[in-house]
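Undergrad: prediction below, plus the sequence it came from.
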Amino acid sequence: MSWTEDLLELFNDPILADVKPFPQKITSDDRLVEDFVQVCDWVMENGFEPREEGADFTERKFYRRLLSIRNDEEKSAFLKAHDTANLLND
């Protein structure tokens with residue numbers, strides 16, 4: 001038996017059936033993209049940008065997120081590829 005076959009046999013053991021790799025750690029960039037995509041989705045669903053004096057907490061939260069992103073050129077440039085609602089126009 002070859003080394004590769006030995007390894008495959010070892011990993012196919014039922015004892016190891018429940019062994020799963022650790023999930024990847026979420027980075028700050030991942031969180032930033034996720035937050036921005038939520039804002040874009042909200043805009044697409046509601047048909048307008050979130051407002052500071054919005055009707056509910058979510059709208060005001062998304063307003064603050066979008067304002068923060070727009071005020072940071074580095075974040076804006078990084079998120080351009082994820083801008084499905086056209087929120088980061090110059």
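TA: Received it, and whenever you're ready, just let me know what you need. Residues are numbered from 1 along each chain as shown.
Undergrad: enumerate the positions of the longest helix seen in the chain that are buried.
TA: Identified as the longest helix of the chain according to DSSP state H is helix 28-46. For helix 28-46, the neighbour count (16 or more other Cβ atoms under 10 Å) marks 32, 35-36, 39-40, 42-43 as buried. Heads up, the C-betas are built off the backbone N, CA and C, glycines and all.
Undergrad: name the residues that touch that helix?
TA: Residues from elsewhere that reach helix 28-46, judged by Cβ atoms under 8 Å, 6 or more residues apart in numbering: 49-50, 58-59, 62, 65-66, 69, 75, 78-79, 82-85, 87.
Undergrad: rerun that using 6 Å as the cut-off
TA: By Cβ atoms under 6 Å, 6 or more residues apart in numbering, the list of residues contacting helix 28-46 from outside reads 49, 62, 65-66, 79, 82, 84-85.
Undergrad: next SSE after that helix?
TA: helix 57-70 (DSSP states H and E).
Undergrad: got the CA positions of whichever helix or strand comes after that next one in PDB?
TA: Proceeding C-terminally, helix 57-70 gives way to helix 73-79 as the next helix or strand, assigned by DSSP H and E. Output for helix 73-79, consisting of C-alpha atoms alone and laid out as PDB, is shown next (Å, rounded to 0.1, in the frame of the first residue of the first chain):
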ATOM      1  CA  GLU A  73     -12.100  57.200   1.100                       C
ATOM      2  CA  GLU A  74     -10.300  53.900   1.800                       C
ATOM      3  CA  LYS A  75     -13.500  52.100   2.800                       C
ATOM      4  CA  SER A  76     -15.300  53.600  -0.100                       C
ATOM      5  CA  ALA A  77     -12.700  52.500  -2.600                       C
ATOM      6  CA  PHE A  78     -12.600  49.000  -1.000                       C
ATOM      7  CA  LEU A  79     -16.400  48.600  -1.200                       C
END
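Undergrad: for helix 73-79, packing partners?
TA: Contact analysis of helix 73-79 by 3 or more Cβ pairs under 6 Å, 6 or more residues apart in numbering; DSSP states H and E lists no helix or strand as a packing neighbour.
Undergrad: tell me which residues of that helix come out buried.
TA: Of all the residues in helix 73-79, those buried under the rule 16+ other Cβ under 10 Å are 75-76, 79.
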